[in-house]
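*Asks:* pasted the sequence and its predicted model underneath.
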Amino acid sequence: MYSCRATLLSASCAFAAFTCPPVLFAGEENGTVDAPSATVSINAARVPGPVNPLVFGHGNLEAADTRRIHGGATRTRLLRTGDGVWDERAARPSPDFMSHARDSGVKALRYPGGCLVHNFDWRKTVGPREQRGDWQFGLDDFLAICRELDAEPIITVSDYVLPAEEMPRHAAELVEYLNAPATPAYPWAMKRAGWGHPEPYGVRYFELGNESDHGNHAVQPRRQFTPATYARYAIDCAAAMRAIDPSVRIGIVTVPGPGDNPRSAWNREVVRVAGAAADFVILHFYAPALNRDLPVQPADMLMRACMAVGDQIGHRIQEYKAMIRDECGRDLPVAITEFNAGFVQPAGGSDPTPWRLSYGAALQCADLYRVFLKPENTVLMSSYWQFYNGYWGMLQVREQPDGSVLKERRPAYELIRLWGQHFGETLVDVTVAGPRADFDVAGWRGVAEARGIEYRPRRTLRTVPLAGLLKSVSGPGYSSRISPDGSVIVFDLKDFSGEAHPVMATIPLATLGTAEDVGYRLTYECQYHRTPGSGKRAERLGLTLADTRDEFSDTSRRTIPGAESRGAWSPLQGELVPRTDSEGIDLRVSLVSDAGGSADNPDGAAPHRLNGKLQFRLLELEVVTREIAPATELVTASSSLSADGRKLYVVVFNKSPDQSIATTFDIRGFVPAGTARYWEVNGPSLASVTGVREVVSGAELTLQGATLLHTLPAHSMTAIELDAR
């Protein structure tokens with residue numbers, strides 16, 4: 001549950017908490033009330049380093065084939081217009097897109113777009129427009145937009161469009177087309193020149209694949225790297241690309257998610273084997289990770305989780321950096337080429353609120369730029385997922401059936417725009433003393449429990465052997481068998497329908513060792529082959545950890561679904577935070593098919609029946625210490641100077657959902673004029689999806705010498721500009 005207990009960091013802090021039943025603030029017992037307060041101390045004479053403009057690369061685009069990746073069909077709009085960034089009729093960048101990109105300060109653009117790269121053949125996107133079919137927005141058009149915006153292009157190289165042995169040449173020819181001189185030694189560069197661009201583009205940054213651990217979705221033929229085969233792909237592609245242009249900088253991928261398991265098997269092996277070939281390591285952060293149709297969650301729970309994420313990601317970046325050093329023996333910067341709150345909710349699900357578009361999710365993401373700017377985190381670049389249109393887009397521009405155009409600026413745009421318009425070129429030192437709030441839910445959807453002032457990272461205490469504990473199970477429509485050495489479990493499904501969760505092993509507390517401040521983390525590989533002709537419905541297959549005494553209740557179990565979509569051996573993992581009085585856990589298989597009368601079967605006819613072979617291997621159960629983060633800082637800030645040092649910028653957040661916080665800004669190393677100006681973005685509540693806007697635009701504030709007093713409204717982002725005297 002959530003705690004209203006406050007953490008005091010200075011004499012001025014008073015008590016603070018997220019929304020709970022009435023919270024007592026200092027002085028309330030004797031009839032007076034002191035509002036919470038904070039002090040932001042800025043020392044402009046201390047300069048940690050320059051502002052990295054690539055942190056503001058929030059230009060994630062989608063401009064490739066969705067077929068069998070996001071649904072079964074090709075959305076030609078993405079091929080023809082980059083989902084709206086390209087004006088196909090005029091063969092030019094969309095004026096609306098360009099205006100908003102400039103207004104929000106886009107410094108980098110990423111192409112061709114996340115998982116769509118799995119089946120992306122860049123060669124289809126170049127050449128005369130009349131010969132490109134639906135690919136009317138292509139590679140050269142993307143680079144034209146980058147050039148016009150003065151934005152850094154980030155190119156993601158396909159991982160699965162061709163057999164692995166053909167990918168190094170494919171990647172090298174891409175670099176040749178982009179960066180080689182137009183001479184006979186480089187035929188693709190000669191083509192580029194013949195098509196109107198004789199000079200090389202000089203693209204610097206390339207990602208090798210995108211979230212490659214999960215394979216190419218439903219694209220045929222099915223392809224999926226293991227950590228070893230991905231590392232081989234990365235090493236060979238990097239060598240081939242550098243043979244064309246030694247100056248390119250190349251990144252390798254890790255497993256996406258909330259970032260709470262940086263030392264996963266994939267991450268360790270990929271970095272250990274391919275780290276020497278890489279210039280940076282790619283991280284994708286999605287937390288909280290609410291990525292399926294769960295029972296409706298309380299809005300305050302979701303929003304408190306969002307507010308807790310910021311500095312937890314900062315701590316996790318440091319854990320990734322430690323893993324990189326341990327595995328490849330050197331430091332590498334990280335590129336956070338996708339991040340957002342991980343709310344993925346199916347259409348027609350139990351909760352109709354699109355939490356990914358909420359103000360709380362947006363405020364979380366805006367605050368993360370502060371974390372990514374810190375020099376100690378060595379973030380090479382970052383990019384909010386996603387900028388223009390799409391499921392997550394902070395801007396939505398859609399032509400309606402009547403020919404009109406609907407334009408919508410979502411909360412994230414309003415906040416990120418403040419960063420783009422009111423921040424400088426040189427970071428300066430800033431510290432905050434203010435109220436904090438506990439998050440007393442252990443490991444909730446990738447968000448760590450937050451209390452106290454110290455960070456306790458996750459560590460593995462022991463590995464529990466499972467082979468000798470496993471037993472075969474059977475029931476109506478299913479039966480299992482175990483290999484003699486206990487390493488592989490095979491389930492045969494024959495006309496299975498309904499739901500079953502049989503116990504395959506029971507692990508007593510004496511074997512686990514403890515249930516205090518730990519989690520039980522299960523990792524495994526799985527694959528599922530449907531019997532041809534059996535079709536596909538809303539099935540959910542996987543393994544589950546559950547408390548032995550709870551008869552499979554929702555409160556003490558952790559199901560790890562996803563096996564139903566794994567056509568080749570693929571890793572999955574999940575973690576159960578046990579009850580403190582746990583006597584042990586059960587390992588169950590979870591078999592779920594849709595029932596008659598479901599959304600897929602509305603007439604209530606015979607339920608869908610599963611037929612096929614489900615396999616599990618490499619099961620590993622670890623007892624790990626729980627990650628515990630410091631209590632959430634409710635006031636956070638970042639500060640910078642203009643290039644000439646004559647203007648000081650401060651960006652500050654109040655992440656309390658319901659309390660204004662009186663804030664003192666103490667300025668050193670910079671002599672301000674007598675007044676400052678400020679801009680503020682706010683909305684009705686953290687849970688709001690609409691109504692978020694810039695509510696203050698350049699209003700004046702009066703200083704008292706080098707001190708500024710200003711009350712930060714609840715759930716607000718404020719940008720302050722001070723001119724030098």
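*Replies:* Ah, there it is. Numbering: from 1, shown residues only.

*Asks:* so in the chain, which helix runs the longest?
*Replies:* Ranked by residue count, the top helix of the chain under DSSP state H comes out as helix 299-328.

*Asks:* now the following helix or strand past that one and helix 299-328, what's the angle there?
*Replies:* Downstream of helix 299-328, the next assigned helix or strand under DSSP states H and E is strand 334-343. Orientation check (axes from the mean of the first three to the mean of the last three CA atoms, to 10 degrees): strand 334-343 against helix 299-328 gives 150 degrees.

*Asks:* output strand 334-343 as PDB, restricted to C-alpha atoms.
*Replies:* As requested, the backbone C-alpha atoms of strand 334-343 are provided in PDB (Å, rounded to 0.1, in the frame of the first residue of the first chain):
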ATOM      1  CA  VAL A 334      24.000   4.700 -23.500                       C
ATOM      2  CA  ALA A 335      21.500   5.800 -26.100                       C
ATOM      3  CA  ILE A 336      17.900   5.900 -24.900                       C
ATOM      4  CA  THR A 337      16.300   5.800 -28.300                       C
ATOM      5  CA  GLU A 338      12.800   5.100 -26.900                       C
ATOM      6  CA  PHE A 339      11.200   5.900 -23.600                       C
ATOM      7  CA  ASN A 340       7.700   6.500 -22.300                       C
ATOM      8  CA  ALA A 341       5.200   5.200 -19.700                       C
ATOM      9  CA  GLY A 342       4.500   1.600 -20.700                       C
ATOM     10  CA  PHE A 343       0.700   1.700 -20.900                       C
END
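
*Asks:* so how far is it from its chain's centroid?
*Replies:* Offset of strand 334-343 from its chain centre (CA atoms, centre = their mean, to the nearest Å): 3 Å.

*Asks:* for that strand, which strands pair with it and how are they oriented?
*Replies:* strand 280-290 (parallel), strand 379-384 (parallel) (DSSP bridges).

*Asks:* residues making contact with the last one?
*Replies:* Same thing as strand 379-384. 52, 54-60, 108, 110, 152, 154, 205, 280, 317, 333-340, 365, 368-369, 372-373, 394, 412, 416 (CB atoms under 8 Å, 6 or more residues apart in numbering). (Glycine included, C-beta is placed from N, CA and C.)

*Asks:* buried subset of the residues you listed, written for ChimeraX?
*Replies:* If you want just the buried ones from the contacts of strand 379-384 in ChimeraX, going by 16 or more other CB atoms under 10 Å, the selection is:
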select :52,54,55,56,57,58,59,60,108,110,152,154,205,280,317,333,334,335,336,337,338,339,340,365,368,369,372,373,394,412,416
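
*Asks:* kindly calculate the angle that the helix or strand containing Glu269 makes with strand 280-290.
*Replies:* Using DSSP H and E, Glu269 sits within helix 265-274. Counting by the same axes, to 10 degrees, helix 265-274 points 180 degrees away from the direction of strand 280-290.

*Asks:* against which helices or strands is helix 265-274 packed?
*Replies:* Packing partners of helix 265-274 (3 or more CB pairs under 8 Å, 6 or more residues apart in numbering; DSSP states H and E): helix 227-244, strand 249-253, helix 299-328.

*Asks:* let me know the angle separating the shortest one from strand 334-343.
*Replies:* This points to strand 249-253. 40 degrees.

*Asks:* so what are the sheet partners of strand 249-253 and their directions?
*Replies:* In the sheet, strand 249-253 lines up against strand 205-208 (parallel), strand 280-290 (parallel) (DSSP bridges).

*Asks:* can I get those strands in a markdown table with mean pLDDT?
*Replies:* Formatted as a markdown table, the strands paired with strand 249-253 follow (pLDDT from 0 to 100):
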| stretch | mean pLDDT |
| --- | --- |
| strand 205-208 | 99 |
| strand 280-290 | 96 |
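
*Asks:* can you redo those strands as a markdown table with distance to Arg77?
*Replies:* Output for the strands paired with strand 249-253, formatted as a markdown table (distance: least, CB to CB, whole Å):
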| stretch | distance to Arg77 |
| --- | --- |
| strand 205-208 | 24 |
| strand 280-290 | 25 |
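
*Asks:* relative to Ala568, which of those is closest?
*Replies:* strand 205-208 (19.8 Å; CB to CB).

*Asks:* which residues does that closest one contact?
*Replies:* Outside strand 205-208, the residues that reach it (CB under 8 Å, 6+ apart) are 152-157, 159, 171, 175, 233-234, 237-238, 241, 248-253, 282, 335, 337, 381.

*Asks:* narrow those residues to just the buried residues.
*Replies:* For the contacts of strand 205-208, buried by 16+ other CB under 10 Å: 152-157, 159, 171, 175, 233-234, 237-238, 241, 248, 250-253, 282, 335, 337, 381.

*Asks:* now the helix holding Glu269 and helix 227-244, what's the angle there?
*Replies:* 40 degrees.

*Asks:* where does this protein have low pLDDT?
*Replies:* For the chain, the stretches with pLDDT under 70 are 1-34, 292-295, 535-538, 551-555, 594-607.

*Asks:* grab the longest strand from it for me.
*Replies:* Using DSSP state E to define each element, the chain has its longest strand at strand 610-625.

*Asks:* parallel or antiparallel, list what pairs with that one.
*Replies:* strand 460-464 (antiparallel), strand 488-496 (antiparallel), strand 518-530 (antiparallel).

*Asks:* and after that strand, which helix or strand comes next?
*Replies:* Immediately after strand 610-625, counting by DSSP H and E, sits strand 628-629.

*Asks:* related to what we said a few turns ago, between the strands paired with strand 249-253, which one is nearest to Asp517?
*Replies:* Comparing these by CB to CB, strand 280-290 comes nearest, at 20.6 Å.

*Asks:* show me how far the closest one is from its chain's centre.
*Replies:* The answer for strand 280-290 is 3 Å, by CA atoms, centre = their mean.

*Asks:* swap in stretch 153-173?
*Replies:* Worked out by CA atoms, centre = their mean, stretch 153-173 lies 24 Å from the chain centre.
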